[in-house]
Structures are given as structure tokens and as C-alpha cells.
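[1] Quick one: sequence plus predicted model below, questions after.
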Amino acid sequence: MRIILFVFFVACLAQSSLSQNIIEDIFSKSLEVVSDKGRKELYKGQIIKKKRTGMGLLKMKDGALYIGDFSKGEMTGYGMLLVPEGNSVSNCDNCAVYVGNWQDGEKTGSGVCYAKNGDVLYSGKFKDDRPINAYGSTDDSPLRYFSLFENSDGNMFLGEVNDGNFNGFGVIVFNDGDLWFGNFRNGLKQGVGLYLMYDGEWETLNFKDDSYDVISSSANYRDVEHSRSLANKQSFGFIMDNFAAAATATAGAVNSARAIRQSDGNSSGLAASDNSGSSGNSKNGSKQGNKKASNCGSSWSIDSNTYSNYETQLIKMRTYPEKYDNYTADYASIQSKMRQIRTKWEVRGCSITKSQYE
């Protein structure tokens, strides 16, 4: 990823009108590669569990463009809506751009409506997609407006300006189709935003005074999802193994019950069978080999479950090692406990299947 310490010299640039079709002219390159298509919509950005969740760019079927937060496929959070030339943002006359809060695709909470020339039309609260106060009322500074700037490299800034600096929500569109969007303060990027690359890869970055830390990335997310999927498959295998063990134990118990019922019906036959045993080996038969699970008692069942729980914990630790401060020591401690449980029952002739993680 390029280092995006991108500074505009506002004093050297003229404010551009929003009358041009900015959606087609500025964002067409970025939308050549998208993350999701549906119902004549184009989406590029973060997707979690096959839903548009996080931050992204959405071109709607009516030509409008939304840039901002999503949750479970809906515009929810904070973002910017740009409508095509000749249209207005719903319920806001002559509004070309809305910047503010959203809930399930509707304007909800605080927001600002901007005219085509960049002037503030309304600044205040919204509910059910409509302004709460009289439309046209605002207590914003007269130095606040929405505008478009281009630097000498052909990179564009589109967003809120106040007192001669980028202040508020804004988007940088690089000439190769990469995007950065988030908040600005006094001309510098501030807080959490998204760097969205032309090929659809992304990084979530947290800026402070235009220096930044990487919070997450599409590559990291794929690694986490792969590990989670692997852990789920392994857990499913363990569950099926436990079902198989339980079925075996149940079958053993049923067979024992049948033998008891049969012997109750023919006690003399059982006595004769006992008396005909050879060299007394039948008295020690239980010590030869491992006992069946059904004959190992409730203590074995409890320890077996404990062993299985330890195994599950190790899988979680290997999948999300960053969540454990003392990962190495804790992992080794759990392995030691598993080993103690398993060897204890091996001596008693009741085995517990050794885990690959032990």
C-alpha cells in the first residue's frame, strides 16, 4: 500500500462546482472492480459473512453514490450520499449531497444537506429519513461548505470544508482508482477510515495527525476466516467422535442389559458356566486390555469431557493467539493437564483417545 500522507494546499486551489456528473467522472475508475453486484447495484468494500458490513462504496440503481458505513447489507452508521445531477436527496429539496448518520438506509440522527454549489441548506436532526426542524434552518458557520479539489497529480478530494481546511467527512480519489475515505480535522486525516484499493483489497487505518496504525486488512480477515472455518470443521469432527463414542457406550450398555436379563431367566446355566472357567483367568479378564467406556464409571466420563474441553480451548488459542497474553505458557499448561488425565486412565485400563493438540 502506498503511504497516503496526502496533503492538499487549499489556498492554491479553486473551489469546483458540483454541477458536473461527479459520480461518473470521478468514481468510474474505482468502480471498474467491485466486491459485490446485485439488483443493478455495484458495491466495493468490506464484506463479512456475505453481507456488506463495515465501510464501503455503493452505486445504486438510480445512479446515486453512497460512501460510508454499512451493517448487514444496509447503510447504517455515518456516510455521504451523492445524487446524480438533476436529482435531490429524498425529502430534502435541492440537496445534492447529504453527510451524516444513517440507520437501515434512512437518514437518522445528525446530518447536513448541501446544495449543488456546496452551500449548507440544512444542518440538524433527522428522523424517519426527514429533517426534524424547519428545512433551511442551520446554525453552521458560514465558512462551512462542500467542495471538490484536484491537485497537480490528478488526485481528487471531495468532502466537507470549514474555515479554509478539510474538516469533516471526505474522500480522496487517486488517479489509479484507489480511494481513501474518513474524517479530516484541520486538513489532516483523523480517526478511523478505509483505504480501498483498485483491486478491491482494503486496509482499515486509524489516523492521528496524519500518521496512522493499521487496524485490519482484507488479507488478515481472510486468514482469520480460514482459521475459523478450520476450527469449526475440527470441532465438528470432535463432536462426531463423541457421538460415536456415546453410541458405542450405549450399545455396550444395551448388550449388558440383555445378558443380565438372559441370566436372570437361567441362573443355573450361569452358575454352570462360571464353574467351567479355565485356570481362573476369567477373574482377571477385566485387567487384560482396555475396558469399554461403559465399564469405566462416571469419573471417567467427567475426565473425558474435561479432556475434550481442554482440547477445544487449545483450538481457540491456536486460532486467535492474539487474544492470549501468556499464550505459550498457558498452552503448555493445558497440554500438561490433558496428559495427566489421559495417563491416569490408561493405568486404570480405561483409555482416552490422545488429541493431536496434546
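    Noted; the coordinates are in hand.
[2] all helices in the stretch 151-300 of the chain, in order from the N-terminus.
    Under the criterion DSSP state H, counting those that start in this stretch, helices of the stretch 151-300 of the chain are mapped to 218-265, 267-275, 297-319.
[3] Quick one: list the elements packing against the last one.
    Here helix 297-319 is seen to pack against helix 218-265, helix 327-347 when contacts are counted using 3 or more C-beta pairs under 8 Å, 6 or more residues apart in numbering; DSSP states H and E. From N, CA and C alone the C-beta is placed, and that goes for glycine too.
[4] now Thr189: how far from Glu106?
    Careful, residue 189 is Lys; it's not Thr. Lys189 sits at a distance of 28 Å from Glu106 (criterion: C-beta to C-beta, to the nearest Å).
[5] Give me the pLDDT for Asp93.
    If you check Asp93, the pLDDT there is 96.
[6] Not counting residues beside it along the chain, what's closest to the residue nearest in space to the middle of the chain?
    In the chain, the C-alpha nearest the mean C-alpha coordinate belongs to Ile48, at 5.1 Å (C-alpha atoms, centre = their mean). Sequence neighbours aside, Gly54 is the residue nearest to Ile48 in space, at 6.5 Å (criterion: C-beta to C-beta, 6 or more residues apart in numbering).
[7] Could you give the backbone dihedrals for that neighbour?
    phi 120, psi -120 (degrees, to the nearest 10).
[8] Which residues does it form beta bridges with?
    Using DSSP bridges, the beta-bridge partners of Gly54 come out as Phe70.
[9] Now do the same contact list for it.
    45-48, 69-70, 194, 204 (C-beta atoms under 8 Å, 6 or more residues apart in numbering).
[10] how about 7 Å then?
    Under the criterion of C-beta atoms under 7 Å, 6 or more residues apart in numbering, the contact list for Gly54 reads 45-46, 48, 70.
[11] Between Lys189 and Glu106, which has more neighbouring residues?
    Shown here are Lys189 and Glu106; by other C-beta atoms under 10 Å, Lys189 has more neighbours (27 against 17).
[12] Need the pLDDT of the residue nearest to that one when sequence neighbours are not counted.
    The shortest distance from Lys189 to any residue that is not its chain neighbour, by C-beta to C-beta, 6+ apart, is 4.0 Å, and that residue is Phe207. Phe207 carries a pLDDT score of 94 in this model.
[13] any idea how far Phe207 is from Gly77?
    Between Phe207 and Gly77 the distance, using C-beta to C-beta, works out to 18 Å.
[14] more neighbours, these two?
    For Phe207 against Gly77, the residue with the higher neighbour count under other C-beta under 10 Å is Phe207, and the figures read 21 against 15.
[15] who does that one bridge with?
    Beta-bridge partners of Phe207, counted by DSSP bridges, are Gly191, Tyr212.
[16] I'd like the distance between it and Tyr357.
    Distance, Phe207 to Tyr357, using C-beta to C-beta: 40 Å.
[17] tell me which element Gly109 is part of?
    Here Gly109, judged by DSSP states H and E, is contained in strand 106-114.
[18] the inter-axis angle of the next helix or strand after that strand versus strand 106-114?
    Reading on from strand 106-114 to the C-terminus, the next helix or strand found by DSSP H and E is strand 120-127. Our comparison of strand 120-127 with strand 106-114, counting by axes from the mean of the first three to the mean of the last three C-alpha atoms, to 10 degrees, yields an angle of 170 degrees.
[19] re earlier: weakest of the helices and strands packed on helix 297-319 in terms of mean pLDDT?
    Set side by side, these differ in mean pLDDT, and helix 218-265 is lowest with a mean of 56.
[20] Report the buried residues of stretch 205-218.
    Within stretch 205-218, the residues that qualify as buried are 205, 207, 212, 217-218, counting by 16 or more other C-beta atoms under 10 Å.
[21] circling back to that earlier point, quick one: strands adjacent to the strand holding Gly109?
    Paired neighbours of strand 106-114 in the sheet (DSSP bridges): strand 97-103 (antiparallel), strand 120-127 (antiparallel).
[22] Just tell me which of those ends up closest to Thr319.
    Put simply, out of those the one that sits nearest Thr319 is strand 97-103, at 33.3 Å, with distance taken as C-beta to C-beta.
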